[in-house]
Every structure is written in structure tokens, then in C-alpha cells.
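**Student:** Below is the sequence, then the predicted model.
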Amino acid sequence: HKCLWSAVSGAGQVLANQLVAWMVYGRLVDPDGEFVVRRVWTKQSAWRPGSALYGAEMDDFARQIDAASAQREWQSLFALRPEAIPHSVMTFETAQKVLFVGKAVRVLLRSNRWLQRSEVSWEAAAQGRLDPPTIQNEVDSIRSCFEAKSPSYVMEQCVERIRASAAAQLRQLVVDEAELCQHFAALKGFYLLGYGA
């Protein structure tokens, strides 16, 4: 029994490391195609020995990308691999959240909004943002979830907390800073001549 649990825990650590790389750093570290998220390639880029990551200029978060590339990255660059979902520790809904979090983190990293230190931590918590020490607690929980009595529950809770933080920050970026409501008002005025309900 101990030997079997050791093998399960070892495979679980690989999954945990892939989850952390994707959900915290926006990196898809999966040279063998085993993770629940996959990159959709238009043409396959060769994997270089000694490199854990293989990607393109899309993976350089310091470099700005144009709007068309950003739209392509959000809508079609990454997809779920349903057959790779480990159903004993993750539901399909949790896997969808994992996909969303990784995409959101990539957007937030490009705009320098992810994992910023906040002066007032209670204010950040009220807005749903996780600060680096809290994210580290979530990472530690994911990495140790296979030692828990219910790894699926621990995994689901950690993914949900990180998802909520990423969603709150993404909402602030899109709705507040990019002034989405003003754009909708302009569209209403243009297309409906201001007479829309």
C-alpha cells in the first residue's frame, strides 16, 4: 500500500508542478503532452533538448503583442485535453477553471498586473486579489494535496481561490482601466443612434 501511494504521490507532484507553472506563471510546461491544457499549434515547433519550454514569441511576456495576436492567444492558442484530465483529483469544471486561470494570468502578466505587492493587504483581499505570500500558500496546498484525505477537494478549492483572484484582476483591467462601459456606450450611440434600450 505504501509503495502504491508513493507512486501516486510522485505522479501527483508532476501534475502539481504543471498546474503551478500554468496557473501562477502562465507557462505551459508540457513537452510530452500529458497536461490537461494543450497548445494548439498551427505548425509544430520542434522541442529543443534541455529546454522545458517550447514556444514562440507569445511566451515572452516582456514583449508586447498586437491586438490580433492577443485575441488569437485568448481564443484559440490553448485548449483543454479532456482525455488527460485525472478524474480522481479533478473534475471537468475544475479543468476548465485551470484553462481560464492560465489564460488570464498570461493577460495579466503582459499588463504587469499579476502578483503585485500591495501596500494594504486588506484592500487587496477585499478586491479579490491574492498577494504573493497568499499565492505561495495556494501553491503549497496544491503541491501537498496528495497527502490530504480528499485531494480532489483541496485541488478544487485551491484552483477556485486562484481563479477568483485572476478573474477579479482581469475584470479590473478590462472593465475599469480599459473603460469597457464607455466603449459599449459609444457602440450603442453609433449603431443604435443612441435610441437603444
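**Tutor:** On my side now, so go ahead. Numbering: from 1, shown residues only.
**Student:** Count the neighbours of residue 94 for me.
**Tutor:** 20 (other Cβ atoms under 10 Å). Backbone N, C-alpha and C define where each C-beta goes, glycine included.
**Student:** now it: how far from residue 167?
**Tutor:** Residue 94 sits 15 Å away from residue 167, going by Cβ to Cβ, to the nearest Å.
**Student:** For the chain, which segments count as helices?
**Tutor:** 2-25, 67-72, 92-110, 121-126, 132-143, 151-171, 180-191 (DSSP state H).
**Student:** Of those helices, which is nearest residue 80?
**Tutor:** Residue 80 lies closest to helix 92-110 among the helices of the chain, at 5.5 Å (Cβ to Cβ).
**Student:** For the protein, name the helix or strand with the lowest mean pLDDT.
**Tutor:** helix 121-126 (a mean of 48; mean pLDDT, DSSP states H and E).
**Student:** leaving aside the residues next to it on the chain, what's closest to residue 97?
**Tutor:** residue 163 (4.7 Å; Cβ to Cβ, 6 or more residues apart in numbering).
**Student:** Hmm, residue 101 and the one you found touching each other?
**Tutor:** Yes - the criterion here is Cβ atoms under 8 Å, and residue 163 meets it with residue 101 at 5.0 Å.
**Student:** Tell me which of the two has more neighbours.
**Tutor:** residue 101 (25 against 18).
**Student:** pLDDT score for the closest residue to the more buried one other than its chain neighbours?
**Tutor:** In this structure, residue 101 finds its nearest non-sequential neighbour in residue 23, 4.6 Å apart by Cβ to Cβ, 6+ apart. pLDDT recorded at residue 23 is 91.
**Student:** going forward can the numbers begin at 410, since that is how I track them
**Tutor:** Shifting the count to begin at 410 puts that one at residue 432.
**Student:** distance of residue 432 from residue 587?
**Tutor:** Using Cβ to Cβ, residue 432 is found at 23 Å from residue 587.
**Student:** Which one of those two is surrounded by more residues?
**Tutor:** Of the pair residue 432 and residue 587, residue 432 is the one with more neighbours under other Cβ under 10 Å, namely 27 against 12.
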